[in-house]
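Enquirer: Sequence and predicted structure are below.
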Amino acid sequence: MEPQLVLATTEEIEAFIQAFEDRTLPKVRWHHHAHLVVGLWYLSHNSSEDALSIIRQRIRAYNEVVGPPNTDTSGYHETLTRFFLRGIRAHIAAYPAKPLHESLSTLLQSPIASKEWPLTAYSRERLFSVSARRGWLESDLDPK
């Protein structure tokens with residue numbers, strides 16, 4: 001089960017992002033929901049292209065300091081990152097007027113909050129391949 005992530009105010013989200021950027025966020029707090037916070041933050045403050053570039057660089061940098069290492073079997077995963085960013089971008093479009101902390105709360109209660117969500121579009125074999133970790137792969141399952 002995913003650890004509970006409670007960031008009830010925009011200020012708490014900002015502090016979380018600052019710790020992530022400073023690479024002082026404890027590894028125990030770097031889990032799936034934390035990745036969603038990061039995605040929501042950067043997509044709310046940047047274009048989709050810039051957000052992807054920033055997130056890619058900062059996750060890799062965070063992993064270099066805190067772990068896990070960025071290898072063919074651990075660390076940064078390009079396809080998962082892009083897939084979740086697509087979902088977060090759709091979430092933002094669906095709730096454009098919500099304040100950031102309310103948007104985050106809604107996001108964390110949505111299907112995107114499940115680590116299993118990408119498996120609705122990808123076979124396990126394709127999603128967890130070295131190719132998917134290194135670069136973007138289109139889904140191989142028909143949408144449900």
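Expert: Cool, the structure landed.
Enquirer: and the nearest residue to Ile112 once chain neighbours are set aside, what pLDDT?
Expert: Nearest residue to Ile112, sequence neighbours excluded (CB to CB, 6 or more residues apart in numbering): Gly87, at 4.5 Å. No exception for glycine: its C-beta is placed from N, CA and C like everyone else's. What the model reports for Gly87 is a pLDDT of 98.
Enquirer: Of all residues in the chain, which one is nearest the centre?
Expert: His35 (3.4 Å; CA atoms, centre = their mean).
Enquirer: OK, contacts around that one?
Expert: Ile59, Thr81, Phe84 (CB atoms under 8 Å, 6 or more residues apart in numbering).
Enquirer: Please point out which parts of the top helix by length along the chain sit buried.
Expert: When the chain is parsed with DSSP state H, its longest helix is helix 48-66. For helix 48-66, a neighbour-count test (16 or more other CB atoms under 10 Å) marks Ala51, Leu52, Ile54, Ile55, Arg58, Ile59, Tyr62, Asn63, Val66 as buried.
Enquirer: returning to what we had before: doesn't Trp117 make contact with the residue nearest to Ile112?
Expert: Yes - Gly87 is in contact with Trp117 according to CB atoms under 8 Å; the separation is 7.1 Å.
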